[in-house]
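Participant: below are the sequence and a predicted model; questions follow.
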Amino acid sequence: MKLTKKELDSKLDSIVNCEVFARALKFKALHHSYSHLNCILIQSQRENVTYVLPFKKWNALGISVLKGEKGLAIIVPRFRKVEKKNGTKDDELVGFATGHVFDISQTDAPSDFLIAHLDNDFPGYQSLVELSPVQVIERPLRKGLSGYFDSKELAITISSSQSEADRALTLLHETGHYFVWKNKLELPQELEEVIVECSAFIAASKFGLDATAPSAGYIAGYISNTEDLRKASKVIDKISNSLLNTYERSETYAESNS
């Protein structure tokens with residue numbers, strides 16, 4: 001199956017204002033190397049998708065794709081080596097092609113495969129605090145305010161009255177605001193909240209934290225067309241990857257997944 005740009009736009013149009021966007025957030029937590037748009041594409045082609053890999057990667061794990069199964073189309077960037085003025089070579093994006101992945105349900109993988117490969121334990125709130133890119137302050141805050149990021153003080157303040165899990169969720173969310181600020185992303189305040197909440201949900205799901213996915217209605221209030229979806233998904237990729245790259249370095253987390 002090859003996807004033309006017209007077919008891709010048609011698929012994206014069909015899921016704007018739909019629950020697929022929200023479902024794709026949790027799916028991306030297991031597949032953060034895939035873009036959010038590709039996660040949406042995969043979800044739109046097969047119901048109840050859980051974990052996907054290309055044909056060759058399944059084979060490398062000793063798992064076979066079942067006969068007759070059709071791959072799920074994704075968009076794959078193509079690069080070429082370009083020589084720079086200083087003599088070094090760098091990758092340059094030259095276009096996109098269609099690739100294919102297969103869900104675990106399309107393979108002969110054993111029933112305990114996901115448990116054995118994806119059993120991620122929460123690294124602990126204190127481990128996250130130690131890895132925070134800015135100072136974390138805990139103190140009582142007014143009712144209804146769980147935390148905030150202060151760009152002038154370069155600090156995240158978190159309500160001390162929350163549980164450890166809720167403090168961790170707040171830290172992920174406010175760190176998302178930090179990365180928006182650090183990358184100088186000019187976003188309307190409401191859209192920034194949507195993107196940060198989506199990004200924090202992806203990171204929380206990766207750590208096994210029980211976070212509530214932003215509702216499709218909440219998302220649809222700010223994302224109403226394909227172009228909005230593309231832009232938001234690109235920023236969600238950037239912020240969620242920054243969160244995971246920052247907080248996955250926890251030694252506790254590494255040991256629990258070794």
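Facilitator: Sure, I can see it. Residues are numbered from 1 along each chain as shown.

Participant: so residue 205 touches residue 26, yeah?
Facilitator: Yes - judged on Cβ atoms under 8 Å, residue 205 makes contact with residue 26 at a distance of 5.1 Å. For the C-beta atoms, the positions are set from N, CA and C on the backbone; glycine is no exception.

Participant: okay, those two: which has more neighbours?
Facilitator: It is residue 205, of residue 205 and residue 26, that has more neighbours when counted by other Cβ atoms under 10 Å, with 21 against 18.

Participant: element containing the residue nearest to the more buried one when sequence neighbours are not counted, please.
Facilitator: Spatial nearest neighbour of residue 205, excluding adjacent residues (Cβ to Cβ, 6 or more residues apart in numbering): residue 29 at 3.5 Å. Using DSSP states H and E, residue 29 maps to helix 19-30.

Participant: next, the distance between the ends of stretch 46-57.
Facilitator: Distance across stretch 46-57, first residue to last, is 20 Å (Cα to Cα, to the nearest Å).

Participant: chain center to it: distance?
Facilitator: 16 Å (Cα atoms, centre = their mean, to the nearest Å).

Participant: list the buried residues for it?
Facilitator: Within stretch 46-57, the residues that count as buried by 16 or more other Cβ atoms under 10 Å are 49, 51, 52, 53, 54, 55.

Participant: same deal with stretch 55-64?
Facilitator: Neighbour-count burial for stretch 55-64 flags 55, 58, 63 (criterion: 16+ other Cβ under 10 Å).

Participant: okay, these in a markdown table with pLDDT next?
Facilitator: Shown next, in a markdown table, are the buried residues of stretch 55-64 (pLDDT from 0 to 100):
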| residue | pLDDT |
| --- | --- |
| 55 | 94 |
| 58 | 93 |
| 63 | 94 |
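
Participant: coming back round to it: possible to save the buried residues of stretch 46-57 as TSV with secondary structure?
Facilitator: Compiled in TSV, the buried residues of stretch 46-57 are given as follows (DSSP: H, G, I helix; E, B strand; the rest coil):
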residue	secondary structure
49	coil
51	coil
52	strand
53	strand
54	coil
55	helix
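
Participant: which of those lies closest to residue 175?
Facilitator: The closest of the buried residues of stretch 46-57 to residue 175 turns out to be residue 51 (Cβ to Cβ; 26.5 Å).

Participant: neighbours of the residue nearest to that closest one when sequence neighbours are not counted, how many?
Facilitator: Leaving out its chain neighbours, the residue that sits closest to residue 51 by Cβ to Cβ, 6+ apart is residue 104, at 4.7 Å. When neighbours are counted by other Cβ under 10 Å, residue 104 registers 19.

Participant: can you tell me how far residue 104 is from residue 54?
Facilitator: Distance, residue 104 to residue 54, using Cβ to Cβ, to the nearest Å: 13 Å.

Participant: quick one: mean pLDDT for the helix holding residue 29?
Facilitator: For helix 19-30, the mean pLDDT works out to 73.

Participant: mind listing what's buried in stretch 36-46?
Facilitator: Residues of stretch 36-46 classed as buried: 36, 37, 38, 39, 40, 41, 42, 43, 44, 45 (neighbour count, 16+ other Cβ under 10 Å).

Participant: so where is the stretch 101-250 of the chain shaky, pLDDT-wise?
Facilitator: The stretch 101-250 of the chain contains residues with pLDDT under 70 at 116-123, 213-226, 249-250.

Participant: where do the strands sit along it?
Facilitator: 135-139, 147-150, 155-159 (DSSP state E, counting those that start in this stretch).

Participant: would you tell me which one of the ones you listed is buried the most?
Facilitator: Among the strands of the stretch 101-250 of the chain, the stretch with the highest mean neighbour count (mean count of other Cβ atoms under 10 Å) is strand 155-159, at a mean of 21.

Participant: about what we covered before: gap between the residue nearest to residue 51 and residue 52?
Facilitator: Distance check for residue 104 against residue 52: by Cβ to Cβ, it reads 7 Å.

Participant: repeat for residue 206
Facilitator: Counting by Cβ to Cβ, the gap from residue 206 to residue 52 is 16 Å.
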